[in-house]
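1. give me a model of this one.
(2 chains)
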Amino acid sequence: DAGITQSPRHKVTETGTPVTLRCHQTENHRYMYWYRQDPGHGLRLIHYSYGVKDTDKGEVSDGYSVSRSKTEDFLLTLESATSSQTSVYFCAAGFGQNNSPLHFGNGTRLTVT
Amino acid sequence: AQSVAQPEDQVNVAEGNPLTVKCTYSVSGNPYLFWYVQYPNRGLQFLLKYITGDNLVKGSYGFEAEFNKSQTSFHLKKPSALVSDSALYFCAVSPLSGSARQLTFGSGTQLTVLP
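-> Model (predicted):
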């Protein structure tokens, strides 16, 4: 989606190492989200942010932390990566209203060996 | 707890034929309903949404969806499928009230349109 950039696009890391995924948006959306996509599960919410320094947990937050120091940037950190965190991670942004669609980045494919 | 079911992992249809991708939902109260499409190596793209009013919602690329409250369904349809419609489709539901975390996605349906 135009305006949302994720980096890196692909990453391979070893079990136990820290990993940070980055999301940058240029549309000034107040709300930002991190989802993981796994076969058979659709998208599951990890954490979301409703403003600078304001974050909350989602459905599958264990093992993940987030930070938002600026409106445009939302970071997802795996403090100590595990094989169960191998997944495709998507960042999304929106206005936060339940009737507003989300805008997604193109994803980061993370493999933990 | 709210949920979304997409009962078919895979739907195959011939080009030019009508297509339907099924979605049923469970939510407390009235829902907001969404369809998203995902092409390979890309993020989800918004197709259409139901908020209130007309049960037939029209969206991007000729897609439409029919909201049926009694059957708690929101099936995605297109009168004439194109090969370029081949993609992964997600249905999602959100309650009218509540926080931003309450958007729930289905597990996705892979649509393949055969030439």
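2. contacting residues around the most centrally placed residue in chain A?
-> Nearest to the geometric centre of chain A sits A:W34, at 2.7 Å (C-alpha atoms, centre = their mean). Contact partners of A:W34, counting by C-beta atoms under 8 Å, 6 or more residues apart in numbering or on different chains, are A:21, A:23, A:45-48, A:58, A:64, A:66, A:74, A:76, A:89-92. Every residue, glycine included, has its C-beta placed from N, CA and C.
3. could you redo the last one with a cut-off of 10 Å?
-> Applying C-beta atoms under 10 Å, 6 or more residues apart in numbering or on different chains, we find A:W34 in contact with A:6, A:21, A:23, A:44-49, A:55, A:58, A:60-61, A:64, A:66, A:74-76, A:89-92, A:105, A:108.
4. do A:T15 as well
-> A:80-85, A:112-113.
5. kindly report the same for A:R22.
-> The contact partners of A:R22, taken as C-beta under 10 Å, 6+ apart, are A:5-8, A:73-76, A:91, A:105, A:108.
6. run a quick neighbour tally on B:S3.
-> B:S3: 11 surrounding residues under other C-beta atoms under 10 Å in any protein chain shown.
7. and the pLDDT for the residue in chain B positioned nearest to chain A?
-> Residue nearest to chain A within chain B: B:G43 (3.2 Å; C-beta to the nearest C-beta). You'll see B:G43 listed with a pLDDT of 91.
8. my read: it touches A:G107, true?
-> Yes - assessed by C-beta atoms under 10 Å, B:G43 is found in contact with A:G107 at 5.7 Å.
9. low-confidence regions, the chain specifically.
-> Picking chain A for this. By pLDDT under 70, the weakly predicted segments of chain A are A:1-2.
10. wait, chain B was what I had in mind.
-> Along chain B, the model assigns pLDDT under 70 to residues B:98-101.
11. and the helices in it?
-> Applying DSSP state H to chain B gives no helices.
12. can you give me the strands in chain B?
-> Per DSSP state E, chain B carries strands over the ranges B:3-5, B:10-14, B:19-21, B:24-26, B:31-38, B:44-50, B:56-58, B:64-68, B:73-78, B:87-95, B:104-105, B:109-114.
13. just the buried ones from the contacts of A:T15?
-> Among the contacts of A:T15, those buried by neighbour count (16 or more other C-beta atoms under 10 Å in any protein chain shown) are A:81, A:85, A:112.
14. now, which of the residues you listed sits nearest B:Y25?
-> A:Q85 (28.6 Å; C-beta to C-beta).
15. quick check: that closest one vs A:R9, distance?
-> For A:Q85, the distance to A:R9 (C-beta to C-beta, to the nearest Å) stands at 17 Å.
16. so the residue of chain A most remote from its centre: helix, strand or coil?
-> Largest separation from the mean C-alpha position in chain A: A:N99, at 21.0 Å (C-alpha atoms, centre = their mean). Three-state call for A:N99 (DSSP: H, G, I helix; E, B strand; the rest coil): coil.
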